[in-house]
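A.B. asks: When you get a sec, could you give me coordinates for this:
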Amino acid sequence: MITEFIVFQNRNCGKHDPAMEEMNKDPLSMLSEELKLQKIVANETLEQTKRLVINARNTFSHYKKEVEKCSIGMETCEEARERAEAELVEERRLTALWEERARDYGWKDRR
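C.D. replies: Sure, this is the predicted structure:
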């Protein structure tokens with residue numbers, strides 16, 4: 001019984017083996033199939049690269065907008081600082097003028 005199984009197994013050996021079917025193909029069809037597979041891989045890689053480029057462009061655009069907002073905010077802040085500085089200089093000038101007038105009228109600083 002065991003020997004019959006071994007003989008049966010040997011007779012069927014390699015009949016439906018995909019590797020054996022691959023070995024029996026002619027070289028031209030194997031090369032053609034290999035080229036098709038490489039084309040599929042290349043197209044998938046190209047699509048992935050395109051998606052990555054689009055994602056990078058979107059990210060760049062987002063950060064560019066953020067930089068523009070930040071730059072506008074910095075300009076606004078700088079303008080406000082310059083105005084405040086000018087107003088402070090003017091306020092100090094007026095304070096000095098009023099103190100001088102007050103001293104002329106007898107005011108004494110008690111600091």
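A.B. asks: Give me the distance between residue 60 and residue 38.
C.D. replies: As judged by Cβ to Cβ, to the nearest Å, residue 60 and residue 38 stand 32 Å apart. Every residue, glycine included, has its C-beta placed from N, CA and C.
A.B. asks: That should have said residue 84, apologies.
C.D. replies: For residue 84, the distance to residue 38 equals 67 Å [Cβ to Cβ].
A.B. asks: Residue 107 too?
C.D. replies: Here residue 107 is placed at a distance of 96 Å from residue 38 (Cβ to Cβ).
A.B. asks: Which parts of this structure are strands?
C.D. replies: Remark: no strands are assigned in the chain by DSSP state E.
A.B. asks: all helices of it, in order?
C.D. replies: Secondary structure of the chain (DSSP state H): helices located at 2-11, 18-23, 27-104.
A.B. asks: got TSV for the ones you listed, with distance to residue 111, mean pLDDT and mean neighbour count too?
C.D. replies: Below are the helices of the chain laid out as TSV (distance: least, Cβ to Cβ, whole Å; pLDDT from 0 to 100; neighbours: other Cβ atoms under 10 Å):
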stretch	distance to residue 111	mean pLDDT	mean neighbour count
helix 2-11	113	58	8
helix 18-23	101	70	10
helix 27-104	11	96	10
